[in-house]
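>>> A structural model of the following input is requested.
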Amino acid sequence: MTAIDKQHITGLILAGGRGTRMGQVDKGLQTFRGMPMAMHVLMRLSPQVGELIINANQHLAAYEAFGSAVWPDQIEGYAGPLAGIQVGLAHCETPYLVSAPCDSPFLPLDLVERLSQALLIANADLAVATTIESQDGIAGKQAHPVFSFMKSSLLPHLSQFLQNGGRKVDAWYASLQVVEVPFDDVAAFRNINTLNELRQCES
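From the prediction side, this is the model:
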């Protein structure tokens with residue numbers, strides 16, 4: 001199976017949220033095991049891609065210190081991850097973009113390879129990571145929509161969706177040819193939402 005050359009892939013770290021559940025702090029800049037959480041994401045994602053950009057809406061200079069280009073949302077008012085993906089696509093100079101959130105410091109080291117291969121095989125617009133997780137003793141499939149690999153040609157389609165008031169990631173994905181890619185390691189997709197979770201994961 002031919003793989004996509006990583007030089008044709010741009011990585012996007014989504015750090016544009018308000019951090020509401022963490023007490024209105026910038027999640028990506030919270031220290032985790034000695035460095036900002038988003039830096040862990042960058043160090044795991046950057047070897048998998050040709051170039052890397054960050055979407056942030058506050059503390060832009062702090063993110064620029066990571067050594068990557070930083071772009072705020074084009075839409076006012078913290079419009080959610082799709083606004084961040086729109087910015088990523090707008091500044092992506094490669095045929096493909098892969099997104100990951102700033103609060104998932106354990107993301108898989110083969111994330112891009114597996115998502116990109118699935119996209120090629122299925123001839124899809126977008127590939128999304130899934131895991132099987134147990135809730136109340138019942139196992140079910142859990143999609144992780146912010147861990148997505150997509151064609152950069154989706155920009156006009158996404159911009160139109162946002163212009164029409166769409167904000168939900170699932171609703172946009174429903175309008176595309178999407179392939180789901182199962183991963184075994186549930187912990188790799190754990191995102192740290194509260195300061196309490198941050199302390200728990202530290203240990």
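>>> Mind naming the longest strand for the chain?
strand 138-151 (DSSP state E).
>>> Would you tell me what the next helix or strand after that strand is?
helix 155-163 (DSSP states H and E).
>>> tilt between that following helix and strand 138-151?
Angular relation of helix 155-163 and strand 138-151 on a 0 to 180 degree scale: 120 degrees, by axes from the mean of the first three to the mean of the last three CA atoms, to 10 degrees.
>>> what about helix 155-163, average pLDDT?
Average pLDDT, helix 155-163: 97.
>>> Any chance you could list what contacts the next helix-or-strand element following that helix?
Reading on from helix 155-163 to the C-terminus, the next helix or strand found by DSSP H and E is helix 169-173. Helix 169-173 is contacted from outside by 80-82, 126, 128, 143, 145-146, 158, 161, 166, using CB atoms under 8 Å, 6 or more residues apart in numbering. For glycine as for every other residue, the C-beta is placed from the backbone atoms N, C-alpha and C.
>>> cool, and stretch 2-14?
With CB under 8 Å, 6+ apart, stretch 2-14 has contacts from 28, 38, 41-42, 45-46, 48-55, 68, 81, 84-85, 88, 92-102, 112-113, 116-117, 120, 146, 149, 152.
>>> If we use 7 Å, what do you get?
38, 41-42, 45-46, 48-55, 81, 84-85, 88, 92, 94-102, 112-113, 116-117, 120, 146 (CB atoms under 7 Å, 6 or more residues apart in numbering).
>>> what comes up buried for the worst-scoring helix or strand of the chain on mean pLDDT?
Least confident helix or strand of the chain, by mean pLDDT, DSSP states H and E, is helix 195-202 with a mean of 76. Neighbour counts over helix 195-202 (16 or more other CB atoms under 10 Å) mark Leu198 as buried.
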